[in-house]
Structure formats: C-alpha cells, structure tokens
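Asker: Need coordinates for the following:
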Amino acid sequence: MAAARPSVKVVAVLPPSPEELFKGFTDPDKFQQWFMLDWGQECTTDPVVGGRYELKGETPTGAKVSCDGSYEVVDSPHHLRFTFLWHGDAAIQTSTVPETWPQPMDVTFSPVDGGTEVTFVHEQVAHAASGEAHREAWELGLQMLAEVVGGEAASDRLAEEFGMLAALMGGGGAADLLEEAGADK
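Answerer: Numbers count the residues shown, from 1 in each chain. Sure, this is the predicted structure:
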C-alpha cells in the first residue's frame with residue numbers, strides 16, 4: 001500500500017467575520033480577486049454540495065492556467081470542503097508543485113475575539129517541498145483574502161509576494177516578476 005500523502009495546515013486569525021471570509025471562497029468576484037490576482041480572467045462558482053467552481057487566467061509569462069474542483073461540504077459560514085486541481089501549460093507542474101490529482105481542501109471559520117480563526121488544510125500534497133510551497137502560498141493567500149473581503153484590493157506588498165511565489169510554483173516567471181518589480185533578489 002502506498003504511503004499517505006502529507007497535508008498542510010495553516011491557521012490564521014483574520015479581522016473579517018466568518019460570513020465575509022466564507023463568501024470570499026464562494027463569491028466568484030471575491031474568489032478571483034484574492035486567489036488569482038490579476039491573472040484571473042474568468043471565475044464561476046456553484047457553492048452547493050456537488051457543485052463546481054473554475055478559475056481561468058494567464059500568468060505574467062503568458063502561460064494559460066486554470067484550476068477547478070467540486071464542493072463536498074458547504075456549511076455557511078462555518079465549514080467549506082472542496083477539491084482543487086491546477087491545469088495549464090506543462091510549466092505549472094514543477095518539481096516543487098507536481099500534483100496532478102484533485103487535492104481536498106478543508107476550511108473552517110470560527111469567530112474569535114478580533115475576528116475569525118480560519119483553519120485551512122490542504123490535503124494530499126506530493127512531498128515536503130511541495131507542502132512548504134503550498135503552506136507559504138496559503139499563508140499569503142489568506143492575508144489577501146482578508147484584505148479583499150474587507151473591501152480593499154490586495155496590498156501591493158502581498159500581491160507582489162504572492163505573485164512571485166505563484167510564479168515559482170507554477171511556471172518559472174519569478175525572474176521576470178522580480179525584474180519588473182525592480183527587486184534585487
């Protein structure tokens with residue numbers, strides 16, 4: 001029997017309410033704003049058990065990418081479970097993020113003093129390096145989610161960090177992004 005694939009868990013306390021954060025995962029406009037930044041060109045969601053979502057876009061390097069999945073648990077505003085799978089140019093499948101199978105995502109939203117505790121679990125990542133890349137991406141992504149559902153555009157700093165990380169994970173555009181941003185890394 002094959003060994004179980006590892007999971008990545010990120011816990012964050014964010015200022016918006018559980019209702020606002022839950023909507024950030026299920027409202028197509030909000031989901032696209034924080035999840036794909038300016039890469040996103042199209043987003044559809046049908047947040048019911050068995051319903052599907054899909055995001056389509058293009059990276060700064062011109063690679064066509066999309067992700068999609070289906071909703072397995074929709075308990076607004078407390079719990080959301082869905083599958084997740086990247087599609088796109090071969091560059092999206094790198095040695096850092098090699099997953100080519102649907103991966104379960106489990107998100108819970110619990111009210112706490114100062115906002116909402118969000119527990120995000122990304123299951124079935126390929127290996128430790130992939131898990132670390134996903135952990136970093138989800139930590140930044142949840143910060144951007146909080147900004148977007150709070151009525152702000154994702155801050156330039158977060159958008160830049162997320163864009164560079166996503167490029168590293170999905171297609172080698174990091175050098176171009178760093179050069180465009182004027183970063184010396």
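Asker: Find the helix or strand that residue 62 is a member of.
Answerer: Remark: residue 62 resides in no helix or strand, with elements defined by DSSP states H and E.
Asker: actually residue 20, not the one I wrote
Answerer: Taking DSSP H and E as the definition, residue 20 sits inside helix 18-26.
Asker: Alpha carbons of that helix, as PDB, please.
Answerer: Extracted in PDB, the C-alpha atoms of helix 18-26 (Å, rounded to 0.1, in the frame of the first residue of the first chain):
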ATOM      1  CA  PRO A  18     -16.900  34.200   9.200                       C
ATOM      2  CA  GLU A  19     -19.600  35.300   6.800                       C
ATOM      3  CA  GLU A  20     -17.400  37.600   4.900                       C
ATOM      4  CA  LEU A  21     -14.500  35.200   4.700                       C
ATOM      5  CA  PHE A  22     -16.700  32.300   3.700                       C
ATOM      6  CA  LYS A  23     -18.100  34.500   0.900                       C
ATOM      7  CA  GLY A  24     -14.500  35.100  -0.200                       C
ATOM      8  CA  PHE A  25     -14.300  31.500  -1.200                       C
ATOM      9  CA  THR A  26     -17.700  31.200  -2.800                       C
END
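Asker: What's the first helix or strand after it?
Answerer: Next along from helix 18-26, by DSSP H and E: helix 28-35.
Asker: ok, residues contacting that following helix?
Answerer: With Cβ atoms under 8 Å, 6 or more residues apart in numbering as the test, helix 28-35 has contacts from 23-25, 40, 42-45, 53, 55, 141, 144-145, 147-149, 153-154. For the C-beta atoms, the positions are set from N, CA and C on the backbone; glycine is no exception.
Asker: now residue 121, which residues is it bridged with?
Answerer: residue 9, residue 106 (DSSP bridges).
Asker: And it, how far from residue 108?
Answerer: Separation of residue 121 from residue 108 (Cβ to Cβ, to the nearest Å) stands at 9 Å.
Asker: And the top strand by length along the chain, what's buried?
Answerer: When the chain is parsed with DSSP state E, its longest strand is strand 64-75. Using 16 or more other Cβ atoms under 10 Å as the test for burial, strand 64-75 gives 65-71, 74.
Asker: circling back: between residue 121 and residue 108, who's got more neighbours?
Answerer: Higher neighbour count among residue 121 and residue 108: residue 108, with 19 against 16, using other Cβ atoms under 10 Å.
Asker: can you tell me which residues contact the residue lying closest to residue 142 once chain neighbours are set aside?
Answerer: Leaving aside its sequence neighbours, residue 142 sits nearest to residue 12 (Cβ to Cβ, 6 or more residues apart in numbering; 4.8 Å). Listed by Cβ under 8 Å, 6+ apart, the contact partners of residue 12 are 117-118, 120, 139, 142-143.
Asker: Good, wrapping up.
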